[in-house]
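> sequence and predicted structure, then a few things I'm wondering about:
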Amino acid sequence: MSDLKVEIIKVGKLEPHPGADQKKQYTRTIIRRNSAICLKCNEEIESKHRHDFVSCGCGSIFVDGGRDYLRRGGELAKLKDTSIAREEPREKYEWED
């Protein structure tokens, strides 16, 4: 059981990225599909909504978060990510420095 791990990919924590003109650019991640394939049992699993915890048939991997956040866990060496997500520019919020 020592090879079980959880990976949380932060979505919504929007980091500034310096642009070509040295002006900070802010982005957000848009998740269209939150899914993975288990390479052990060859099953594709998909989390469809927030807190929709789904594991494969053999129990080696899981996905969670739906379109709100990307969370994977289990034997990550046996996981192939099939999620669809993209970065989108956004305006700076007034409380950000």
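Thanks, I have the structure now. Residues are numbered from 1 along each chain as shown.

> so residue 37 sits in a strand?
Yes - under DSSP: H, G, I helix; E, B strand; the rest coil, residue 37 sits within a strand.

> bridged to it, which residues?
On the basis of DSSP bridges, residue 37 is bridged to residue 44, residue 80.

> now swap in residue 73 and tell me
The partner list for residue 73 in beta bridges (DSSP bridges) reads residue 6, residue 62.

> that one contacts residue 60, correct?
No - using CB atoms under 8 Å, residue 73 is not in contact with residue 60, being 10.0 Å away. Any C-beta I mention is one placed from the backbone N, CA and C, and that applies to glycine too.

> what does stretch 54-61 rub up against?
With contacts defined as CB atoms under 8 Å, 6 or more residues apart in numbering, stretch 54-61 is touched by 36, 38, 40-41, 43, 45-47, 62-64, 72-76, 78-79.

> between residue 73 and residue 60, who's got more neighbours?
Neighbour count, other CB atoms under 10 Å: between residue 73 and residue 60, residue 60 has more, with 21 against 18.

> give me the distance between the more buried one and residue 34.
18 Å (CB to CB, to the nearest Å).

> do residue 27 as well
18 Å.

> count the neighbours of residue 48 for me.
Neighbour tally, residue 48, other CB under 10 Å: 12.

> oh, that last question was meant for residue 93, not what I typed.
Counted with other CB under 10 Å, the neighbours of residue 93 add up to 8.

> kindly report the same for residue 34.
Residue 34: 29 surrounding residues under other CB under 10 Å.

> verify the stated contact: it with residue 72.
No - using CB under 8 Å, residue 34 makes no contact with residue 72, being 9.2 Å away.

> what do these two both touch?
residue 63.

> select the helix or strand of the chain having the lowest average pLDDT value.
strand 16-18 (a mean of 55; mean pLDDT, DSSP states H and E).

> chain neighbours aside, what residue packs nearest to residue 79?
Using CB to CB, 6 or more residues apart in numbering and skipping the chain neighbours, the partner closest in space to residue 79 is residue 61 (4.6 Å).

> thinking again about what came up before, PyMOL command for the buried members of the contacts of stretch 54-61?
Listed next is the PyMOL selection for buried residues among these, using 16 or more other CB atoms under 10 Å:
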select buried, resi 36+38+40+45+47+62+63+64+72+73+74+75+76+78+79
